[in-house]
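Asks: Have a look at this prediction, sequence included:
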Amino acid sequence: MFDSADGTREAMSKVDTAWLRMERPTNLMMITGVLMFAAPLVHAEIKQLLGERFLAYRRFRQKAVNTPSGAYWETDADFDLDWHVRVGALPGAADKIELENFVGELASTPLDHSKPLWQFHVVENYRGGSVLVARIHHCYADGLALVQVMLSLTDTAPEPEKRAELATTWLKRDGTNVWQRMLEPAQAGLGKALKVGNKVYGKMTEMINDPAVAADVAREGGEITRELAHALLLPDDPQTQLKGPLGVSKRVAWADPLPLEEVKTLGRALDCTVNDVLLACASGALRGYLLDEGGEVDGLTIRATVPVNLRPLEHAKKLGNHFGLVFLELPVGEANPLRRLERVAASMRELKRSRQAIVTLGLLAALGMGPQALQAPALELFSRKATAVATNVPGPQQPLYMTGVEATELMFWVPQSGSIGLGLSILSYNGRVHFGLIGDAKRVRDPGAVTKRFAAEFEKLVLIALMEDWDERIAASDAACTLQHYL
């Protein structure tokens with residue numbers, strides 16, 4: 001319908017259309033990435049690099065056009081690379097807090113929908129080096145695909161003429177990564193996921209309007225529609241400082257990185273995965289923040305929606321959105337750090353048996369093909385069931401270079417949708433694990449107060465793991481949870 005004979009227009013997929021239409025003033029649908037470099041970048045060289053490698057993806061020369069009957073991609077006849085590649089500078093001390101404030105302002109600023117929905121910002125003065133901040137609308141691709149796009153801009157050696165191919169070992173399905181372990185069963189149901197987009201549209205409308213219909217489907221429906229009904233019947237997440245009305249300002253912060261090998265060693269010692277450890281640490285950090293804000297947390301459990309890739313990882317460079325979502329429980333009300341870890345691990349195991357990711361991909365397809373009026377109530381219904389979005393991407397374990405300059409740290413955040421006001425991101429790179437948070441300013445007054453707790457939560461688990469006897473570990477963790485400001 002939207003494809004043109006000269007190739008300047010092409011129809012947008014139904015799932016990508018859903019992400020395009022999800023944009024709200026309170027939640028912009030941008031994936032925001034931050035790359036920090038050891039030495040200064042040269043603006044002209046970055047611009048040339050983006051022109052050669054980023055624009056090798058034809059999609060990034062196209063605008064996303066939304067209409068009541070659907071959406072399409074249209075080549076921008078007035079494309080201007082200078083508009084998309086900007087230069088910025090940090091004020092004052094030009095240190096971490098200034099950079100976090102700068103990224104927060106960009107994450108709060110909409111992209112111009114009359115142009116292709118992406119921009120890069122070169123920050124020239126940061127700790128003797130530079131920073132590259134990328135903002136790309138979610139309708140172009142999911143987080144995993146865009147990480148691959150960003151990696152295509154890098155080299156594995158300082159001199160471009162000696163550029164080596166990026167090792168793909170990091171793409172292998174590592175048994176320590178639960179999201180990758182979930183990949184095979186999810187892919188097996190991908191056909192069903194897309195078919196549910198065509199078949200469940202009418203039933204979904206009924207279930208949104210009448211929970212009793214969802215209850216009937218949960219008892220009698222087929223496997224896929226039954227999963228959808230169960231998702232609709234999940235109780236809303238509890239109201240806390242982290243969940244409530246949103247504003248338009250975002251704030252970001254990130255923690256000092258942890259050595260990846262130490263995280264793996266801790267996981268082996270406590271018989272759990274790297275993801276279990278990291279998300280248990282995140283849960284503990286959120287618990288401490290809520291306590292400091294005067295919140296009641298004992299017994300509290302909140303949910304995070306987690307993207308699950310639904311295509312082969314080696315195909316991630318193909319743009320578009322190919323993922324579903326699952327609901328992960330974060331036991332912030334558990335004071336004991338070891339029991340908190342056990343509960344996160346149990347939730348992970350349950351998700352591996354779930355078909356939630358397949359259902360939500362089909363739901364997004366259904367929303368993309370239906371009228372925009374249906375999307376708002378459906379989006380709100382699902383977003384009420386979670387407090388945060390959590391992502392974990394295993395990056396390359398070798399140093400990367402852009403225009404000959406080494407990247408020292410990487411961080412990114414996917415957008416939150418609906419009424420969700422908190423995003424948690426974990427990314428490993430070059431032997432280190434990076435943890436970052438983005439939050440609505442009304443919900444997270446000081447994101448740094450959360451991220452600074454991450455390492456302390458990790459140290460609690462390290463000390464517990466040093467106990468050889470399991471009863472000693474329990475006693476040590478009970479003692480640890482009585483310390484209000486451990487380490």
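Replies: Structure received.
Asks: Show the subsequent helix or strand relative to the host helix or strand of F120.
Replies: Assigned by DSSP states H and E, F120 falls within strand 118-126. Next along the chain after strand 118-126, taking DSSP H and E as the criterion, comes strand 129-137.
Asks: Provide the contact partners of that next one at residue level.
Replies: Residues outside strand 129-137 that contact it (C-beta atoms under 8 Å, 6 or more residues apart in numbering) are 19-20, 23, 29-41, 46, 64, 88, 99, 102-103, 106-107, 111, 117-124, 146, 150, 402, 405, 408. From N, CA and C alone the C-beta is placed, and that goes for glycine too.
Asks: Of those, just the buried ones, PyMOL syntax please.
Replies: In PyMOL, a selection of the buried entries from the contacts of strand 129-137 looks like this (16 or more other C-beta atoms under 10 Å):
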select buried, resi 19+20+23+29+30+31+32+33+34+35+36+37+41+46+64+99+102+103+106+107+111+117+118+119+120+121+122+123+124+146+150+402+405+408
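Asks: Bridged to L132, which residues?
Replies: Taking DSSP bridges as the rule, L132 bridges to L35, V122.
Asks: State the pLDDT value of it.
Replies: Here the pLDDT value assigned to L132 is 97.
Asks: I'd like the distance between it and K318.
Replies: For L132, the distance to K318 equals 23 Å [C-beta to C-beta, to the nearest Å].
Asks: the more surrounded of these two?
Replies: L132 (22 against 13; other C-beta atoms under 10 Å).
Asks: From T391, how far off is the residue nearest to P307 when sequence neighbours are not counted?
Replies: Spatial nearest neighbour of P307, excluding adjacent residues (C-beta to C-beta, 6 or more residues apart in numbering): F323 at 4.7 Å. F323 sits 10 Å away from T391, going by C-beta to C-beta.
Asks: Could you pull out the residues contacting both of those two?
Replies: In terms of C-beta under 8 Å, 6+ apart, F323 and T391 are both contacted by the residues 143, 307.
Asks: pLDDT below threshold where in this structure?
Replies: Residues of the chain meeting the criterion pLDDT under 70: 1-7, 160-232, 310-317, 353-378, 468-487.
Asks: what does the domain assignment say about it?
Replies: What automatic domain parsing lists as the domains of the chain is 9-171, 178-398+415-480.
Asks: Among those domains, show me which one is buried the most.
Replies: Most buried of the domains of the chain by mean neighbour count (mean count of other C-beta atoms under 10 Å) is domain 178-398+415-480; its value is a mean of 20.
Asks: Go ahead and confirm V450 touches L437.
Replies: Yes - contact criterion C-beta atoms under 8 Å: V450 and L437 qualify, at 5.3 Å.
Asks: what sits in contact with each of those two?
Replies: 253, 444.
Asks: what's in contact with the strand holding F120?
Replies: 36, 40-41, 43, 46, 50, 60, 83-90, 94-95, 99, 102, 106, 111, 130-137, 140.
Asks: Which stretches in the stretch 151-300 of the chain count as helices?
Replies: Remark: helices assigned in the stretch 151-300 of the chain by DSSP state H, counting those that start in this stretch are 178-181, 183-188, 190-199, 201-209, 211-220, 223-233, 260-269, 274-292.
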